[in-house]
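**Student:** Here you go, sequence then predicted model.
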Amino acid sequence: NAKEKRVKDEANLKVLKWNFVQPTDEHIDILKDQLAAVVSRPMFHNLFHSDFKFHLLAIGMFQECLDTNRAACIAQLDVVLKWFILRLFDTNTSIHLKSLDFLQNLFAMLSEENYRMPDVEVNSFVPYLLLRIGDPKDEIRKRVRCLLRTMHRVFPYGKLFGHIIEGVRSKNSRSRAECLEEIGVLIEKYGLNACQPSIGKALK
C-alpha cells in the first residue's frame, strides 16, 4: 500500500517530516517524488508547472477523479492534501478559492464514505489550513470556516479543537477571533466535551 509506505517512511525519518513555517524546496521535491508515483504524466505536469493556470487545470482533474473514482482519491489522500497545502501558500487568490472549493467537495465525499482521517493526515493538513482562517479576504475566511465545520464529520472534534486552540495564540488578531468563533461552534454542537484533553488543560 503506497500510502502506508509514505506514512512509515516519514515516521522513520526516511523522508523529511511535513512540518514547516514555509514549505522548503526539499518538502516540495519529496512531494513531487510521491505524486510522480501515483498520478499520470499530464497530471504531474499540471501539478508542478510554474504557471498557476496549470494548477487550475490540475484542480479540475482532481474534481473529475473525485466524481468518478472516490477510492483513488482516498488511497492518495495524504499527498493530495499536501499539494493543496502548497497552493494555500501561493499568493494567487483564484487558486486559494478554487482549492478551498475543491477541498469542501473532497471532505463532503469523505463524510459520505464514512472515512475517518488518521492523525498523520490531520496533523499534516489542519495547522496549515488554519493559517488561512485570518485571511484579509472575506470569501477565503468563509470557505475555511465552512470546511472546518465539514471536517467535524471525518475526525474527532476533540482533535480539531486542539488544533483550533493553537490558532488562538496567533499574532494575527483576525485569526484569533475566527478561532475563538470556531471553538464556540464546537462547544455549542458538542458541549464541553469538545474541550480536549480537558477544560482546564484546554484553557491554559
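**Tutor:** Yes, it's here.

**Student:** in the protein, which residue is closest to the centre?
**Tutor:** F125 (3.5 Å; CA atoms, centre = their mean).

**Student:** Buried residues, whichever strand or helix holds K189. List them.
**Tutor:** Here K189 sits within helix 173-190, counting by DSSP states H and E. Neighbour-count burial for helix 173-190, counted by 16 or more other CB atoms under 10 Å, picks out S175, R176, E178, C179, E182, I183, V185, L186, I187, Y190. C-betas here are computed from N, CA, C, even on glycine.

**Student:** quick one: D33 and L100, what's the gap?
**Tutor:** 26 Å (CB to CB, to the nearest Å).

**Student:** after the top helix by length along the chain comes which helix or strand?
**Tutor:** With secondary structure taken from DSSP state H, the chain has its longest helix at helix 93-112. Using DSSP H and E, the helix or strand that follows helix 93-112 in sequence is helix 119-123.

**Student:** helices or strands next to that next one in the packing?
**Tutor:** Judged by 3 or more CB pairs under 8 Å, 6 or more residues apart in numbering; DSSP states H and E, helix 119-123 is in contact with helix 2-11, helix 77-88, helix 157-167.

**Student:** tell me which residues of it are tucked away?
**Tutor:** Within helix 119-123, judged by 16+ other CB under 10 Å, the buried ones are E121, V122, N123.

**Student:** ok, now which ones touch the nearest residue to K82 once chain neighbours are set aside?
**Tutor:** Spatially, and ignoring its direct neighbours in sequence, K82 is nearest to L31 (5.4 Å; CB to CB, 6 or more residues apart in numbering). Neighbour list for L31: V79, K82, W83, L86 [criterion: CB atoms under 8 Å, 6 or more residues apart in numbering].

**Student:** I'd guessed the third one sits against L47; true?
**Tutor:** Yes. The pair W83 and L47 qualifies as a contact (CB atoms under 8 Å) at a distance of 6.2 Å.

**Student:** returning to what we had before: I'd like the buried residues of helix 119-123 laid out as CSV, including pLDDT and distance to R132.
**Tutor:** Formatted as CSV, those follow (pLDDT from 0 to 100; distance: CB to CB, whole Å):
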residue, pLDDT, distance to R132
E121, 93, 18
V122, 93, 16
N123, 92, 17
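
**Student:** any low-confidence regions in this protein?
**Tutor:** 197-204 (pLDDT under 70).

**Student:** List the contacts of stretch 144-160.
**Tutor:** Residues contacting stretch 144-160 (CB under 8 Å, 6+ apart): 100, 103-104, 107-108, 110-111, 115-117, 119, 122, 126, 129-130, 132-133, 135, 164, 178, 181-182, 185-186, 189-190, 193-197.
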